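K.L.:
need a 3D model of the following:
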Amino acid sequence: MTEKTHKTAWFGPKRVGFGVQPTSWQGWLLTAAFAGLMVAFQSLPSIPLDRKAIGCFILITGYAAVVMLSYSPGDNEPAD
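P.N.:
Residues are numbered from 1 along each chain as shown. From the prediction side, this is the model:
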């Protein structure tokens with residue numbers, strides 16, 4: 001017996017505007033984790049401001065890379 005695995009895109013096109021939005025629980029989890037890490041990282045008082053900027057750049061770049069890799073425009077077309 002063969003089992004079909006259906007891959008769902010984590011992010012899909014927005015219904016209004018430009019960009020993507022989470023379309024699965026994995027996308028929402030990644031977005032919440034990113035937001036939590038950004039808030040936690042910025043609230044650490046012992047880290048100098050220049051290192052915070054570098055850390056934020058790394059977090060944003062990593063998040064953008066995961067979004068681009070998990071985005072599939074053909075899977076989640078917006079409903080008209």
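K.L.:
quick check: longest helix of the protein.
P.N.:
helix 49-70 (DSSP state H).
K.L.:
and Gly12, its phi and psi?
P.N.:
The phi/psi pair for Gly12 (degrees, to the nearest 10) reads phi -140, psi 170.
K.L.:
okay, and Met38 sits in which element?
P.N.:
Following DSSP states H and E, the helix or strand that holds Met38 is helix 25-42.
K.L.:
what about dumping the CA coordinates of that helix to CSV?
P.N.:
Extracted C-alpha coordinates of helix 25-42, given in CSV (Å, rounded to 0.1, in the frame of the first residue of the first chain):
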residue,chain,number,x,y,z
TRP,A,25,0.2,25.8,11.5
GLN,A,26,3.9,25.5,10.7
GLY,A,27,3.9,29.0,9.2
TRP,A,28,2.1,30.4,12.2
LEU,A,29,4.5,28.7,14.6
LEU,A,30,7.5,30.0,12.7
THR,A,31,6.1,33.5,12.7
ALA,A,32,5.3,33.4,16.5
ALA,A,33,8.8,32.0,17.2
PHE,A,34,10.4,34.7,15.2
ALA,A,35,8.4,37.4,17.0
GLY,A,36,9.2,35.9,20.3
LEU,A,37,12.9,35.7,19.6
MET,A,38,13.0,39.3,18.4
VAL,A,39,11.3,40.6,21.6
ALA,A,40,13.5,38.4,23.8
PHE,A,41,16.6,39.5,22.0
GLN,A,42,15.8,43.2,22.2
